[in-house]
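Student: When you get a sec, could you give me coordinates for this:
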Amino acid sequence: MASSPSRIAALAALIQKNTTILDDYMTANGIPTPSFDESYPAVVPLPKDMADVRDALLEATDELHFLVKDPVTTVYHEIAKVHPQQHPTLFFIRI
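Tutor: Numbering: from 1, shown residues only. Predicted coordinates:
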């Protein structure tokens, strides 16, 4: 019996699938692929189905990002984002 892929492998596959769908749509519709080039449009309107694909892609990348970090680092960075006025070294996490 084949085992199920790990969560990070499943997320990587989902990211690949949704990236391909979004990239194919943009290419087929003459929309430049995302870049940080100054000529890239500030807003790229997408139909609802493609916006949903983009949102699922972003959610999967966020989840993968947090899963591959250790829990303490994730909590530390999240606290620093909530309290940017505080120096992050002021937070102590008791394990």
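Student: all helices of the chain, in order?
Tutor: Counting by DSSP state H, the chain has helices at residues 7-28, 48-68, 71-82.
Student: Reformat those helices as JSON lines; add mean pLDDT, distance to residue 37 and mean neighbour count.
Tutor: (C-beta placed from N, C-alpha, C; glycine too.) As requested, the helices of the chain are arranged in JSON lines below (pLDDT from 0 to 100; distance: least, C-beta to C-beta, whole Å; neighbours: other C-beta atoms under 10 Å):
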{"stretch": "helix 7-28", "mean pLDDT": "97", "distance to residue 37": "14", "mean neighbour count": "14"}
{"stretch": "helix 48-68", "mean pLDDT": "95", "distance to residue 37": "19", "mean neighbour count": "14"}
{"stretch": "helix 71-82", "mean pLDDT": "74", "distance to residue 37": "28", "mean neighbour count": "12"}
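Student: Now distance to residue 40 too, for those helices, in a markdown table please.
Tutor: Shown next, in a markdown table, are those (distance: least, C-beta to C-beta, whole Å):
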| stretch | distance to residue 40 |
| --- | --- |
| helix 7-28 | 12 |
| helix 48-68 | 15 |
| helix 71-82 | 26 |
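Student: out of everything not next to it in sequence, what's closest to the spatially most central residue of the chain?
Tutor: A centroid search over the chain (C-alpha atoms, centre = their mean) returns residue 61, at 2.8 Å, as the residue closest to the centre. Once flanking residues are discounted, residue 61 sits nearest to residue 15: 6.0 Å by C-beta to C-beta, 6 or more residues apart in numbering.
Student: Was I right to think that neighbour contacts residue 62?
Tutor: No - with contact defined as C-beta atoms under 8 Å, residue 15 does not reach residue 62; the gap is 10.6 Å.
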